[in-house]
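S.K.: Quick one, what's the 3D model for this:
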Amino acid sequence: MKLDLDFIRNEYPSLREDYVFFDNAGGSQTLKRVMDKITAYYMTSDVQLGGTYSISTQARERVNSGTAQIAQTLNAKFPHEAVIGSSSTALIRLFSIVIGKTLQAGDEIIITNADHQANISPWQSLAEQGIVIKTWEFNTETFQLELEDLKQLMSAKTKLVAYCHVSNIFGTIHPAKEINAYIHRQGALAFVDGVAYAPHRLPDVQDIDADFYVYSIYKVFGPHIGVLYGKEEHLLRLPGINHSIVPNDDLPYKFQPGGPNYELTYALNGISEYLQAVAQHHGMNANEPIRTQMQFAYDLFDAHEEALAQHLLNFLATKDKVRIIGETTADKDVRVCTIAFVVEGINSPEIDAKVAANNIGIKTGNFYANGITKALDLDRQGGVVRVSMAHYNTFEELERLIAVLDDIF
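M.R.: Purely as a prediction, here's the structure:
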């Protein structure tokens, strides 16, 4: 079934402007439904939670409903397994601190050199208390995190492995279910960064058996906050980071100093409503389970994004001086539609500037995944050119970009 882009784009007010957004991996456009929820919260329930008066009760129910919706999007077992925070970066830092309190000198944590610094730096900081940090390096030929390489690093002292579900440069989908199964067989925890995955595929934390899973909601059509899933058993045993009088079983509040942002958390309902609206507009019965409707919508997104990726990759393949940094296939089972490349003889920022002059937004650099650009010796070119598409992008927009790139190289 073909995605009805007129219906889709009408949900995003910013897309009515004469501008092309191909920097979606940095942050997606925001749904009108989300904006409306924020406005409604401020106009009708802008009070503190915990009161017995009716508006306070309504405010609490609204905030709780947003948490429940994002938990359902993750396929968490319980709503309280979803911890809402200011950003994925802040949430990873917070959980590195609380997890670090349970570790001893000599324990090991494995990170990768293919991740965003958000899932590297916090863990590296634990070296100050004697934690041994090892690095799982990606294969520079295949652009993959190879499981066999991880096996060489893990030991009886390994307590946690932190890695990305999808690379924000390569666009490669790592086999999280297989990786997590191996990590668990070795008695360690799997901490998965899903920031580059969630905008393109519906996360399922139970299916991949992640212990922790984090992503940025502002990259998934919502407000500028993040969410971190943790298995209930882990959240209960970990020390809290909120007020000392907060009970240990008060989830997720024990990990939310000051509480979540009320209006933005309530606005998460807008994302769920959007996915259901997409499914129903394309023929799905409204009585189907919400997760089923969400998956139906994402399947439509995936097919459209795969076609966009194929079109861009086909163009780039005609250019002898272009090197794709990542998989050259558009297969949706292998990659998402975040495509990075470099051009021989041209610094990447030069390409960015020429594209920007045509009201088209792409981006260049290392995208805080500097382990990748360092390993591939790409910093001397100013990093990579990254074109990150979303399901609301059109072939007409992509043709505009291709015409500009064709003039450049």
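S.K.: max-length helix in the protein?
M.R.: Counting by DSSP state H, the longest helix found in the chain is helix 290-317.
S.K.: Pull up the pairing partners for whichever helix or strand comes after it, direction included.
M.R.: For helix 290-317, the following helix or strand on the C-terminal side (DSSP states H and E) is strand 322-324. Under the criterion DSSP bridges, strand 322-324 sits next to strand 338-343 (antiparallel) in its sheet.
S.K.: before we move on, back to that, now the longest helix of the chain: average pLDDT?
M.R.: Here helix 290-317 scores 98 as its mean pLDDT.
S.K.: domains for the chain, by residue range?
M.R.: What automatic domain parsing lists as the domains of the chain is 5-30+289-408, 34-271.
S.K.: could you dump those domains to a markdown table with distance to residue 280 and mean neighbour count?
M.R.: Quick note: C-beta positions are derived from backbone N, CA and C, even for glycine. Listed next are those as a markdown table, based on distance: least, C-beta to C-beta, whole Å; neighbours: other C-beta atoms under 10 Å:
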| stretch | distance to residue 280 | mean neighbour count |
| --- | --- | --- |
| domain 5-30+289-408 | 7 | 18 |
| domain 34-271 | 15 | 19 |
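S.K.: Taking strand 338-343 as reference, get the angle to the longest helix of the chain.
M.R.: If you take axes from the mean of the first three to the mean of the last three C-alpha atoms, to 10 degrees, helix 290-317 sits at 10 degrees to strand 338-343.
S.K.: can you list the residues that contact stretch 350-364?
M.R.: 18-23, 26, 343, 348-349, 382-388, 397, 400-401, 404-405, 407-409 (C-beta atoms under 8 Å, 6 or more residues apart in numbering).
S.K.: Dump the domains of the chain into a markdown table; add distance to residue 282 as well.
M.R.: Listed next are the domains of the chain as a markdown table, based on distance: least, C-beta to C-beta, whole Å:
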| stretch | distance to residue 282 |
| --- | --- |
| domain 5-30+289-408 | 6 |
| domain 34-271 | 15 |
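S.K.: contacting residues around the residue nearest the centre of the chain?
M.R.: For the chain, the residue sitting closest to the mean C-alpha position, by C-alpha atoms, centre = their mean, is residue 195 at 1.5 Å. When contacts are counted by C-beta under 8 Å, 6+ apart, residue 195 touches 88, 116, 118, 164, 168, 214-216, 219.
S.K.: from these, which ones fall inside strands?
M.R.: Using DSSP state E, 164, 214-216 are the members of these that sit in strands.
S.K.: what are the ranges of the strands in the stretch 51-200 of the chain?
M.R.: Using DSSP state E, counting those that start in this stretch, the strands of the stretch 51-200 of the chain run over 82-85, 108-112, 132-136, 158-164, 189-193.
S.K.: Output the contacting helices and strands for the third one.
M.R.: Using 3 or more C-beta pairs under 8 Å, 6 or more residues apart in numbering; DSSP states H and E as the contact criterion, the elements in contact with strand 132-136 are strand 108-112, helix 147-153, strand 158-164.
S.K.: could I get the shortest one in PDB with only the CA atoms?
M.R.: So that's strand 108-112. C-alpha atoms of strand 108-112 as PDB (Å, rounded to 0.1, in the frame of the first residue of the first chain):
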ATOM      1  CA  GLU A 108      34.200  -4.000  33.100                       C
ATOM      2  CA  ILE A 109      32.000  -2.000  30.800                       C
ATOM      3  CA  ILE A 110      32.200  -2.400  27.000                       C
ATOM      4  CA  ILE A 111      31.400   0.600  24.800                       C
ATOM      5  CA  THR A 112      31.800   1.000  21.000                       C
END
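S.K.: and that strand, what does it pack onto?
M.R.: Using 3+ C-beta pairs under 8 Å, 6+ apart, strand 108-112 sits against helix 121-124, strand 132-136, strand 158-164.
S.K.: Any chance of TSV for these, columns mean pLDDT?
M.R.: Listed next are the helices and strands packed on strand 108-112 as TSV, based on pLDDT from 0 to 100:
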stretch	mean pLDDT
helix 121-124	98
strand 132-136	98
strand 158-164	98
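S.K.: Out of those, which is closest to residue 79?
M.R.: Comparing these by their distance to residue 79 (C-beta to C-beta), the top pick is strand 158-164, with 24.6 Å.
S.K.: List of residues touching the closest one?
M.R.: If you take C-beta under 8 Å, 6+ apart as the criterion, strand 158-164 is touched by 99, 103, 107-112, 114-116, 119-120, 123, 134, 136, 145, 150, 154, 174, 179, 183, 186-197.
S.K.: what sits against the residue lying closest to residue 266 once chain neighbours are set aside?
M.R.: Excluding the flanking residues, the one nearest residue 266 by C-beta to C-beta, 6 or more residues apart in numbering is residue 62, at 4.2 Å. Neighbouring residues of residue 62 by C-beta under 8 Å, 6+ apart: 41, 45, 262, 266.
S.K.: same check, this time on residue 75
M.R.: 203-207, 291.
S.K.: Now for those: which two are most distant?
M.R.: Spatial extent of those (C-beta to C-beta) is set by the pair 205 and 291 at 12.2 Å.
S.K.: mind saving the C-alpha coords of stretch 318-335 as CSV?
M.R.: Output of stretch 318-335 as CSV, limited to C-alpha atoms (Å, rounded to 0.1, in the frame of the first residue of the first chain):
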residue,chain,number,x,y,z
THR,A,318,26.6,7.1,-10.7
LYS,A,319,29.3,9.3,-9.2
ASP,A,320,32.8,7.9,-9.3
LYS,A,321,34.1,10.3,-6.7
VAL,A,322,31.5,9.4,-4.1
ARG,A,323,32.1,6.9,-1.4
ILE,A,324,29.2,5.7,0.7
ILE,A,325,30.0,5.4,4.3
GLY,A,326,27.9,2.5,5.2
GLU,A,327,25.8,-0.1,3.5
THR,A,328,25.2,0.5,-0.2
THR,A,329,21.9,-1.4,-0.1
ALA,A,330,18.6,0.3,0.6
ASP,A,331,17.1,-2.9,2.1
LYS,A,332,15.0,-1.9,5.0
ASP,A,333,16.0,-5.0,6.9
VAL,A,334,19.7,-3.8,6.7
ARG,A,335,19.6,-0.1,7.1
